[in-house]
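**Q** My questions concern the predicted model and sequence given below.
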Amino acid sequence: MIDAHLHLWQKQQGRVNGLPVYSLGGGRSLFGAEVRQMLPPCMTDGVNSAERLLANMDFAQVAGAVVTQEYIDGNQDAYLQQVRRENPVRLRVCALYEEKPLGDVSWADGIKICAGRLADPDLTKLDDVFALAREKDLFIGLDLADGDTQTASLREMIAQYPEVRMAIGHFGMVTTPGWQEQIRLAQSPNVFVESGGITWLFNSEFYPYPSAVRAILEARDICGIHKLMWGSDYPRTMTAITYRMSWDFVAKSPLLTAEEKQCFFHDNAQAFYRFENLPEMPYVHHMAE
């Protein structure tokens, strides 16, 4: 399986609504004006490393993963250069766009745009970013503002840059009104949708997330199962569930066929993110069995 949306950091040093985000120890972070459990409490030092991720991936039978970025973690470009260099087969990484010209992105596989947090929501103003992605053959990951706020401007960029692979994050913010408009963008050949954070968005319902499964089916009917990719939003969602639980509620659902699950968990992401030679992931029995 391939996880299309997760996070890593050596040191969390981000911002939210102009206020700092940083580790307090015990997996907790100051998140603006409040304290949040940002990591599982066993990650006492606040380090969200590739080594810990790979151990979780091995146990959960996840062969490959895509490391995205977010303003709330702070820019992790320097660390992710190292991560990509040390894990060229199993990991893909994004450079973070921060509303200023991007520097060297030769080390990255993609560019992350936290679109919903932009000072100017008009994505047509980011022509230089899309042009760079086209020049370097990088994908662009986008976490859009709720609903259809930015879909019109992104549709213009999709038409202008049909060669650029684009992935809509957080399953179009599926629990907010108008989320289907984001999914409809994936009717374009170069646009896909990943489900990172879907368990966060349906957290009030909790495992096994029947409404999340129904949302996947609805998205399938809009753009086709061949455009949808699984993502976990590790490690933040791991404060509520295990890594395996972030995917097995879909795997156990009788509402999708085996072929649809194969597309959702592996085939679509393998093609989009260009993974090759991923290892086989054997099942490891745990001590509660």
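**A** Yes, it's here. Residues are numbered from 1 along each chain as shown.

**Q** how about the strands in the stretch 1-150 of the chain?
**A** With DSSP state E, counting those that start in this stretch as the criterion, the stretch 1-150 of the chain has strands at 2-6, 13-16, 19-25, 28-31, 34-37, 64-67, 91-96, 110-113, 139-142.

**Q** right, so of the ones you listed, which gets closest to Y161?
**A** Using C-beta to C-beta as the measure, strand 139-142 is the one of the strands of the stretch 1-150 of the chain that comes nearest Y161, at 8.7 Å. Bear in mind the C-beta positions are built from the backbone N, C-alpha and C, glycine included.

**Q** Pairing partners for the closest one, with directions?
**A** Strands that pair with strand 139-142, judged by DSSP bridges, come out as strand 110-113 (parallel), strand 166-168 (parallel).

**Q** Dump the strands of the stretch 1-150 of the chain to TSV, plus distance to W179.
**A** Putting the strands of the stretch 1-150 of the chain into TSV (distance: least, C-beta to C-beta, whole Å) gives the following:
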stretch	distance to W179
strand 2-6	16
strand 13-16	22
strand 19-25	26
strand 28-31	24
strand 34-37	24
strand 64-67	21
strand 91-96	23
strand 110-113	18
strand 139-142	14
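
**Q** Using JSON lines, please lay out those strands together with mean neighbour count, mean pLDDT and distance to C263.
**A** Formatted as JSON lines, these follow (neighbours: other C-beta atoms under 10 Å; pLDDT from 0 to 100; distance: least, C-beta to C-beta, whole Å):
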{"stretch": "strand 2-6", "mean neighbour count": "27", "mean pLDDT": "98", "distance to C263": "11"}
{"stretch": "strand 13-16", "mean neighbour count": "16", "mean pLDDT": "94", "distance to C263": "34"}
{"stretch": "strand 19-25", "mean neighbour count": "16", "mean pLDDT": "96", "distance to C263": "35"}
{"stretch": "strand 28-31", "mean neighbour count": "20", "mean pLDDT": "96", "distance to C263": "35"}
{"stretch": "strand 34-37", "mean neighbour count": "13", "mean pLDDT": "96", "distance to C263": "33"}
{"stretch": "strand 64-67", "mean neighbour count": "27", "mean pLDDT": "98", "distance to C263": "15"}
{"stretch": "strand 91-96", "mean neighbour count": "24", "mean pLDDT": "98", "distance to C263": "19"}
{"stretch": "strand 110-113", "mean neighbour count": "26", "mean pLDDT": "98", "distance to C263": "21"}
{"stretch": "strand 139-142", "mean neighbour count": "25", "mean pLDDT": "98", "distance to C263": "18"}
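
**Q** quick revisit: quick one, which of the strands paired with strand 139-142 gets closest to Y22.
**A** Set against Y22 and scored by C-beta to C-beta, the strands paired with strand 139-142 come closest in strand 110-113, at 20.3 Å.

**Q** Now do the closest one: distance to the chain's middle.
**A** For strand 110-113, the separation from the chain centroid amounts to 11 Å (computed by C-alpha atoms, centre = their mean, to the nearest Å).
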